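Trainee: Need coordinates for the below:
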Amino acid sequence: HDLTADAFVALYFTDPRRAPVLPPQDSPALRHYVVSRWDAPHDSGLRDRALFDPGDRVRRRFAVPDDTLVLIRPDGHVAAIVPFDPGADRDAASGIYQRITGCPPPRDPA
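Mentor: Residues are numbered from 1 along each chain as shown. The predicted model follows:
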């Protein structure tokens, strides 16, 4: 619940050792995290955005296969569950966010 207290949260259930492409963490309204039973390598650039899921407990609770994106609303409800291509440079979570809210996620000033 702490993750979704004030923002949408995109959970990418994939192996961080494969260096998945995640959108930048540049919006206060939409956060992106990789979730895996495997710890993110120190040199992956994902270490601060990786949530460790020993035994795949969270993934199994959502009943999703590997390489799945789960978008959670700020109220804690699931907004979407869609397949995720770890190698694609595509921000599916922002597109879903925009369809739900009617506007793109606000970006932090550069």
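
Trainee: Can you show me the helices along this protein?
Mentor: With DSSP state H, the ranges of helices along the chain come out as 57-62, 92-101.

Trainee: So for the first one, what gets flagged as buried?
Mentor: Spelled out, that is helix 57-62. Val58, Arg59 (16 or more other Cβ atoms under 10 Å). Yep, even glycine has a C-beta here, placed from its N, CA and C like the rest.

Trainee: Residues touching that helix, excluding its own?
Mentor: Leu11, Phe13, Val35, Arg37, Leu51, Asp53, Asp66, Thr68, Val70, Val78, Ile81 (Cβ atoms under 8 Å, 6 or more residues apart in numbering).

Trainee: now it: how far from the chain's centre is it?
Mentor: Distance of helix 57-62 from the chain centroid (Cα atoms, centre = their mean, to the nearest Å) equals 14 Å.

Trainee: Make CSV out of the contacts of helix 57-62 and add pLDDT.
Mentor: Converted to CSV, those look like this (pLDDT from 0 to 100):
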residue, pLDDT
Leu11, 97
Phe13, 97
Val35, 96
Arg37, 94
Leu51, 93
Asp53, 93
Asp66, 94
Thr68, 97
Val70, 97
Val78, 95
Ile81, 97
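
Trainee: Sort out which of these are buried, if you could.
Mentor: Looks like the contacts of helix 57-62 have Leu11, Phe13, Val35, Leu51, Asp53, Thr68, Val70 buried, using 16+ other Cβ under 10 Å.

Trainee: contacting residues for the fourth one?
Mentor: To tie it back to what came earlier, the one meant is Leu51. Leu11, Tyr33, Val34, Val35, Ser36, Val58.

Trainee: confidence score at His1?
Mentor: pLDDT, His1: 59.
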